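1. Fold the following, please.
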Amino acid sequence: MKTAVMVCCLTVCAAPLGSTDRMTMKVSPSMTVAPGFVRIEARVERDASNRALHIIAESENFYRSSDIPVDGENGPNIAVVDLRQLPTGTYQVTGILVGTNGQRAAASRVLRVAPSPGER
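-> Now for the predicted structure:
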């Protein structure tokens, strides 16, 4: 039985007063086949108060997180996290930029890992 899959993307960003976002996140691909390989790229605006970036991938039966230190305005403005061997499921992938006074920005994406042709 074939199943139609709709992939939705939701972005929640806390933007500064200027015209740029403090953080953006890309999940590529947004749909794959198990065991899945996905690359997450988070771009952060360089700012002296940036301290950490938390990346979380969660489904009903799977959880993985990465904590990446961010060295304020001296740190790189892109962080890459590769997720390998993801099992079948629908994942909420969330990135949270943390600053000296708590959360500065967040972005969220939905990722779908479909069963491989032999999997049921």
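2. Near residue 50, how many other residues are there?
-> Using other C-beta atoms under 10 Å, residue 50 has 25 neighbouring residues. Yep, even glycine has a C-beta here, placed from its N, CA and C like the rest.
3. contacting residues for it?
-> Going by C-beta atoms under 8 Å, 6 or more residues apart in numbering, residue 50 touches 44, 70-73, 75, 97-99, 104.
4. Minimum pLDDT in those, which residue is that?
-> In terms of pLDDT, residue 75 ranks lowest among the contacts of residue 50, with 84.
5. Chain neighbours aside, what residue packs nearest to that one?
-> residue 50 (6.6 Å; C-beta to C-beta, 6 or more residues apart in numbering).
6. And the one you found, how close does it get to residue 103?
-> In this view, residue 50 and residue 103 are 11 Å apart by C-beta to C-beta, to the nearest Å.
7. Which neighbours do these two have in common?
-> Residues touching both residue 50 and residue 103 by C-beta under 8 Å, 6+ apart: residue 97.
8. quick one: low-confidence parts of the chain?
-> Within the chain, the segments meeting pLDDT under 70 span 1-20, 120.
9. Please repeat the previous calculation with a cut-off of 80.
-> Within the chain, the stretches with pLDDT under 80 are 1-20, 118-120.
10. for it, which strand is longest?
-> strand 102-114 (DSSP state E).
11. could you say what helices and strands it packs with?
-> Packed against strand 102-114, as judged by 3 or more C-beta pairs under 8 Å, 6 or more residues apart in numbering; DSSP states H and E, are the following elements: strand 9-10, strand 23-28, strand 31-33, strand 36-44, strand 50-59, strand 89-99.
12. switch the cut-off to 6 Å
-> Using 3 or more C-beta pairs under 6 Å, 6 or more residues apart in numbering; DSSP states H and E, the elements in contact with strand 102-114 are strand 23-28, strand 31-33, strand 89-99.
13. Paired strands for it, with orientation please.
-> Strands that pair with strand 102-114, judged by DSSP bridges, come out as strand 9-10 (antiparallel), strand 31-33 (parallel), strand 89-99 (antiparallel).
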